[in-house]
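*Asks:* Sequence and predicted model, in that order:
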Amino acid sequence: MIKKAVLPVAGLGTRFLPASKATPKEMLPIIDKPLVQYAVEEAIDVGVDEIIFITSNEKHSIEKHFQENNAIAEKLIKSGKEDYVERLNPKIFSDVKFHYINQNNQNGLGDAVLHAEEIVGDDSFAVLLPDDLFFSNISCLRQLIDTYKQTKSSVIAVNKIDKENIHKYGVINPGKKEHDAILIEDIVEKPSADEAPSDIAACGRYIFTPSIFDHLKVTNFDKLGEIQLTDAIKNLIQNQKVYARLYEGEKFDCGSKKGFVHATIALALRDSSMSDDISKIIKEII
Ligand code: UTP
């Protein structure tokens, strides 16, 4: 099935400066787990066994995070803190192969995904943007896989967006319904509210057939100097069916400060070890 997942993490994280100066934005934690680990766990949960990070020279801590640390494990065991070893070195990581490919220039998300071509080869694969955090009974990626199983075509997760925020996203022109999904007729990167073809936008999880690479290779730089994944999808649609799956569940845009804080509060209120205290604190503040 889908055994490979690409996680682009080479972006500059400008919106999180200065926090993202020496710590990659993707390593910032929601409570006690870095953003990127939530995405890796989502991928492993659907059976992915190769994770391909598109990263940069500045982001070695991501590689370190997914390596086993036996020195600390021994210290934990010696001091009677065995319970923490699983949190340090999760067993689910031991059967996964992690690849790290540098994107030396931040030429956009499309360029980042293209860097994975050699390792992905001829297989369909997933793309997860770690700064989009999803919580649902059936994970976002599993919902996409469900559609992929039925269609054997590329499928992207979408959700509805308010008019005032639509200009930040890749927005689809929806066609007819097929299977559990919507056939995409067109997709437009960051349209103005007036020009947006719908209120349905891509939201950080994708499954692609390997044909996407051919389209990425011929995608031009946009006016901001980036190769947009959306533009390659737009071209892919001319040759193959591409589906949109309306994601059912919660989503937090942790690439923005507001979304990041929202996710932190939501998860804290859900954590039985602190929810009472946190809700008391929030009430006091308000
Ligand atoms: P974003 O635009 O949200 O991330 O890209 P960013 O560029 O790091 O953040 P800001 O806008 O400067 O605050 C979505 C994802 O694509 C990756 C990012 O790391 C993020 O996970 N990305 C983006 C790349 O890997 N390479 C790029 O050239 C651009």
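*Replies:* Sure, I can see it.
*Asks:* Assign a three-state SS to the residue nearest to V218 when sequence neighbours are not counted, would you?
*Replies:* Counting by C-beta to C-beta, 6 or more residues apart in numbering, N235 is the residue found nearest to V218 once chain neighbours are left out, at 7.3 Å. C-beta coordinates here come from the backbone N, C-alpha and C atoms, glycine included. Applying DSSP: H, G, I helix; E, B strand; the rest coil to N235 yields a three-state assignment of helix.
*Asks:* Could I get the pLDDT score of N235?
*Replies:* Turning to N235, the model gives it a pLDDT of 97.
*Asks:* Near the nearest residue to K217 once chain neighbours are set aside, how many other residues are there?
*Replies:* Of all residues not flanking K217 in the chain, L114 sits nearest, at 6.8 Å (C-beta to C-beta, 6+ apart). Counted with other C-beta atoms under 10 Å, the burial measure for L114 works out to 22 neighbours.
*Asks:* returning to what we had before: contacting residues around the residue nearest to V218?
*Replies:* Shown in contact with N235 (C-beta atoms under 8 Å, 6 or more residues apart in numbering): 215, 218-219.
*Asks:* just those now: which is nearest Y169?
*Replies:* Sorting those by how near they are to Y169, with C-beta to C-beta, puts T219 at the top with 17.9 Å.
*Asks:* Which residue does the protein have closest to the ligand?
*Replies:* Nearest residue of the chain to the ligand (C-beta to the nearest ligand atom) works out as G11 at 2.1 Å.
*Asks:* would that residue count as being in a strand?
*Replies:* No. Per three-state DSSP, G11 lies outside any strand segment and is coil.
*Asks:* now it: how far from K177?
*Replies:* G11 sits at a distance of 34 Å from K177 (criterion: C-beta to C-beta, to the nearest Å).
*Asks:* And those two? Which one has more around it.
*Replies:* G11 (22 against 11).
*Asks:* could you list every residue that touches that one?
*Replies:* G11 sits next to 25, 106, 112 when contact means C-beta under 8 Å, 6+ apart.
*Asks:* Also E41?
*Replies:* So E41 contacts I92 (C-beta under 8 Å, 6+ apart).
*Asks:* list the buried ones in the helix or strand that contains it?
*Replies:* Here E41, judged by DSSP states H and E, is contained in helix 35-45. Of all the residues in helix 35-45, those buried under the rule 16 or more other C-beta atoms under 10 Å are 35-40, 42-44.
*Asks:* same thing with stretch 120-128?
*Replies:* By 16+ other C-beta under 10 Å, the buried positions in stretch 120-128 come out as 120, 124-128.
*Asks:* For it, measure first residue to last.
*Replies:* Taking C-alpha to C-alpha, to the nearest Å as the measure, stretch 120-128 stretches 14 Å from start to finish.
*Asks:* Contacts for it next, please.
*Replies:* Applying C-beta under 8 Å, 6+ apart, the set of residues contacting stretch 120-128 is 2-8, 39, 42-43, 46, 48, 52, 113, 116, 141, 144, 148, 154, 204-210, 213, 229.
*Asks:* From those residues, keep the buried residues only.
*Replies:* When burial is judged by neighbour count using 16+ other C-beta under 10 Å, the buried members of the contacts of stretch 120-128 are 2, 4-8, 39, 42-43, 46, 48, 52, 113, 116, 141, 144, 148, 154, 204-209, 213, 229.
*Asks:* Also near the ligand: which of those, exactly?
*Replies:* Applying C-beta under 6 Å from any ligand atom, the subset of the buried ones among the contacts of stretch 120-128 adjacent to the ligand comprises P8.
*Asks:* Which residues of the stretch 1-150 of the chain lie near the ligand?
*Replies:* Checking the stretch 1-150 of the chain against the ligand by C-beta under 6 Å from any ligand atom, the hits are 8-15, 25, 54, 103, 106-109, 111-112, 129-131.
*Asks:* next one: the stretch 151-286 of the chain
*Replies:* Residues of the stretch 151-286 of the chain found near the ligand (C-beta under 6 Å from any ligand atom) are G255.
*Asks:* The same query, at a cut-off of 8 Å, please.
*Replies:* Proximity of the stretch 151-286 of the chain to the ligand is assessed by C-beta under 8 Å from any ligand atom, with 204, 226, 255 identified as the residues in range.
*Asks:* Now do the strands in the stretch 101-250 of the chain.
*Replies:* In the stretch 101-250 of the chain, strands defined by DSSP state E, counting those that start in this stretch lie at 125-128, 132-135, 154-160, 170-178, 181-189, 200-208, 242-246, 250-253, listed in chain order.
*Asks:* Kind regards, and thank you for your time.
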